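# Structure for this input, please:
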Amino acid sequence: MQDTTDLAATRGRIASHLVGRERELELTFAAVAAGRDIVLEGPPGTSKTTMLKAITDEWGIPLLFVEGNADLTPAKLVGHHNPARVLREDYSPDNFVAGPLVEAMQKGGFLYIEEFNRAPEDTLNTLLTAMADRRIEVPRVGLIVAEPTFRVIASMNPFDNVGTTRLSTSVSDRLNRLAVGYQDAEAEEGIVRLRTGASGPLGDRMVSDAVAVTRATREHPDIRQGSSVRGAIDCLLVARELAEIRGLTDPADEGYPPLFYDAMVVSLSGRIHPDEAAETTPELVLRQIWEDRFILNPAVAEPG
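From the prediction side, this is the model:
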């Protein structure tokens, strides 16, 4: 077991890979350092994967991704015997192809199951022994004992109820839980700037506008789920290329607002989900957000 000084130093090195998320990182790191499994509950694009990647990179262990869906069977999670070799030989351990659960246990990695509550109940029940005892018995293979750094990490989107199931008490009782929400505007601007390398007057305005319109999609009354910061990143990248194509270099140019609307349509229309009861389209919602930003309240959108 590492002492407090080592954990604090490790946490500091991990934090250098992130923008913000100090509290969420500290709590997640504390849980996995304590040997616990955890579910991170929050919308997409809230740095959950980035946090886990930073921790596993620091520890020098793999991060294995699994997408939770109706097709995730216990055999896909645990593994299977190679059918061709079984026909030629037999059900020997050498013919076993490890699934992500067994691979994570053997390598001491994090098994990261996204959309955890979309997986079938019998598949999730396969994890119970692995989480409780750190070992599983695989037929015709034998006992698989996990390395000390093995963890089960799950993620769920609280805004998406389509095709999801409620976790059983047996599963949820074995998981710690942390709600991970969107960061504030300043942190998201820092993320966009870091991911895009935006600079200069035009870049500064694009960062501010991209984050503002993206955050507005989360607050619009006709939108069930808005875009994550990934939408802001793509919005800026598309807008920057459009500026290059159209020869626009000055953020005060009259061509900037229509250029930015075009970038919004490309980058955000597929990321926002209108409420089923709202008689609207993503394009109409984005047009309204654009008008609020650039026409009704233009002073907010002006550079500086």
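# Could you use CA atoms for every contact and neighbour count after this?
Noted.
# What is the three-state secondary structure of L64?
Secondary structure state of L64, per DSSP: H, G, I helix; E, B strand; the rest coil, is strand.
# Identify the residue nearest it in space, chain neighbours excluded?
In space, and not counting its chain neighbours, L64 is closest to L111: 5.1 Å by C-alpha to C-alpha, 6 or more residues apart in numbering.
# and the one you found, how many neighbours?
Using other C-alpha atoms under 10 Å, L111 has 23 other residues around it.
# Show me what it is bridged to.
Beta bridges link L111 to L64, V152 when assigned by DSSP bridges.
# Now stretch 16-36: buried residues?
For stretch 16-36, a neighbour-count test (16 or more other C-alpha atoms under 10 Å) marks 18-21, 24-26, 28-29, 31-33, 36 as buried.
# Okay, and L237 sits in which element?
helix 229-246 (DSSP states H and E).
# can you check R193 too?
Take DSSP H and E as the rule and R193 turns out to sit in helix 185-196.
# Run through the stretch 201-304 of the chain and note the low-pLDDT ranges.
Applying pLDDT under 70 to the stretch 201-304 of the chain picks out residues 298-304.
# Would you state the strands of it in chain order?
223-225, 273-274 (DSSP state E, counting those that start in this stretch).
# just the helices in the stretch 1-150 of the chain please.
4-15, 22-33, 48-59, 74-78, 83-88, 100-107, 121-125, 127-133 (DSSP state H, counting those that start in this stretch).
# just to revisit the earlier point, tell me which residues touch the residue nearest to L64, please.
L111 sits next to L63, L64, F65, V66, P100, L101, A104, F150, R151, V152, I153 when contact means C-alpha atoms under 8 Å, 6 or more residues apart in numbering.
# Try it again at 10 Å.
L111 is in contact with 37, 62-66, 100-105, 150-154, counting by C-alpha atoms under 10 Å, 6 or more residues apart in numbering.
# before we move on, what about T196?
G203, V207, I233, D234, L236, L237, R240.
# so which of the strands of the stretch 201-304 of the chain comes closest to N125?
Checking these against N125 by C-alpha to C-alpha gives strand 223-225 as the closest, at 29.9 Å.
# Paired strands for that closest one, with orientation please.
strand 273-274 (antiparallel).
# ok, residues contacting the partner strand?
Taking C-alpha under 10 Å, 6+ apart as the rule, strand 273-274 contacts 217-218, 220-227, 280-282, 285.
# Out of the residues you listed, who's the most crowded?
Neighbour max across the contacts of strand 273-274 (other C-alpha under 10 Å) = T217, 26 neighbours.
# quick one: E219 and G226 touch, right?
Yes - between E219 and G226 there is a contact at 7.6 Å, judged by C-alpha atoms under 10 Å.
# that older thread, format the buried residues of stretch 16-36 as TSV; extra columns: distance to K53 and pLDDT.
Converted to TSV, the buried residues of stretch 16-36 look like this (distance: C-alpha to C-alpha, whole Å; pLDDT from 0 to 100):
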residue	distance to K53	pLDDT
L18	10	75
V19	14	77
G20	15	77
R21	14	80
E24	14	91
L25	11	90
E26	14	91
T28	12	94
F29	12	93
A31	15	96
V32	13	95
A33	15	94
R36	17	96
